[in-house]
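Peer 1: Sharing a model that was predicted from the sequence below.
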Amino acid sequence: MKIELNGNEYNIEQNGITIQKLIDELKLDIKSTAVAVNKTIVSKSSYAEFKLNENDKIDMVTIAPGG
Amino acid sequence: MEKDKDILKIGKYEFKSRLLIGTGKYPDFQTMKEAADVSGAEIITVAVRRIDFNAKENLLSYIDLDKYILLPNTAGCYTAEDAVNTLRLARELDVFRTDLVKLEVIGDQKTLYPDNEELLKAAKILVKEGFTVMPYMMDDPVLAKKLEDIGCPVVMPLASPIGSGLGIRNPYNIKIIKETVSVPIIVDAGVGTASDACKTMELGVDGILINTAIAGAANPVNMADAMKKAVEAGRLAYLSGRIPMKLYAQASTQMEGIVF
């Protein structure tokens, strides 16, 4: 399945992967990761159920230097 | 007032330090960490950005979350909608342990001056959603009052443009803001060096947020120390009540008992 992850094309073996599984696959720390799918913010409590679809645009954010 | 009882209150939060610092533009994360430690700051600002999957280092590994409150900013947002959504996204990050947010809605790329209309619009929405909104704003007393009225528990007027190091360009407006609102005032942006910080605090503002002047100094860690001392000195001088300025001399030695 092809998705767009942070602006780049990303291929996932499993169709309908959940956000939680994608976070695990990317070895990200869930505490410092927030997710929007097609520009809609996904609540952390629903990562385990939220399934991604082909061509979804995923934004995964964290903290960065700033003033 | 006893020095250690001089507390900065922002909404339901209380702080001893009146210096807030940013995490941008440091030569490296280690220097940022050391400068933050030396500054005595309790609040440090960060941005919310897409994860760089190729990054070798992670900012978070240099920040002790038990020691600092992380303040998400909305830098780079030019509309109320983008700023609000950025902070809603930030709310999903567990590293932000409070509802404190730094709201900035930029109106112009060259000056990075805030867009008053969009700022007010975003602040209204965020206050309703339960955020403790710290708005970066022009040094405009009318706007400061409006932001206070809609529920911002602090206002953050600029001293001069972000990163300019020009210091406080309109101290009179800052004084008027102080007379206009009853919420604390944190001067955000424009401080260039320690004397700027000290003079700003002597006006009676409640705190200063500094990033570039520390991060961009030749020695950021020492500059953080200088800023800490300047903010403390300025605050103490303000609380101590300075002498009025006079045109002519006034002898500090008594004339009584003079022989020649």
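Peer 2: Yep, it's here. Only a predicted model underlies this, so the values are computations on that prediction, with no experimental measurement involved.

Peer 1: strand partners of the helix or strand containing residue B:133, parallel vs antiparallel please.
Peer 2: Under the criterion of DSSP states H and E, residue B:133 resides in strand B:132-137. Strand B:132-137 has these partner strands in its sheet, going by DSSP bridges: strand B:100-103 (parallel), strand B:156-157 (parallel).

Peer 1: in the helix or strand following the longest one, what counts as buried?
Peer 2: Put plainly, it is strand B:100-103. Downstream of strand B:100-103, the next assigned helix or strand under DSSP H and E is helix B:116-128. Residues B:116, B:118, B:119, B:120, B:121, B:122, B:123, B:124, B:125, B:126, B:127 are the ones in helix B:116-128 that count as buried (16 or more other C-beta atoms under 10 Å in any protein chain shown). Every residue, glycine included, has its C-beta placed from N, CA and C.

Peer 1: now those residues as CSV including pLDDT and distance to residue B:182?
Peer 2: What follows is the buried residues of helix B:116-128, written out as CSV (pLDDT from 0 to 100; distance: C-beta to C-beta, whole Å):
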residue, pLDDT, distance to residue B:182
B:116, 94, 21
B:118, 97, 25
B:119, 98, 20
B:120, 98, 19
B:121, 98, 23
B:122, 98, 22
B:123, 98, 17
B:124, 98, 19
B:125, 98, 23
B:126, 98, 20
B:127, 98, 17
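
Peer 1: And those residues, which is closest to residue B:210?
Peer 2: When the buried residues of helix B:116-128 are compared for distance to residue B:210 (C-beta to C-beta), residue B:119 wins out at 20.9 Å.

Peer 1: burial count for the residue nearest to that closest one when sequence neighbours are not counted?
Peer 2: Spatially, and ignoring its direct neighbours in sequence, residue B:119 is nearest to residue B:105 (4.6 Å; C-beta to C-beta, 6 or more residues apart in numbering or on different chains). Using other C-beta atoms under 10 Å in any protein chain shown, residue B:105 is surrounded by 26 other residues.

Peer 1: Isn't residue B:105 up against residue B:112?
Peer 2: No - using C-beta atoms under 8 Å, residue B:105 makes no contact with residue B:112, being 10.9 Å away.

Peer 1: Let me see the contact set for the residue in the stretch 101-250 of chain B that chain A sits nearest to.
Peer 2: With C-beta to the nearest C-beta as the measure, residue B:211 is the residue of the stretch 101-250 of chain B nearest to chain A, at 3.2 Å. Going by C-beta atoms under 8 Å, 6 or more residues apart in numbering or on different chains, residue B:211 touches A:66, A:67, B:21, B:22, B:23, B:24, B:25, B:45, B:163.

Peer 1: Remind me which helix or strand the third one belongs to.
Peer 2: Following DSSP H and E, the helix or strand that holds residue B:21 is strand B:19-22.
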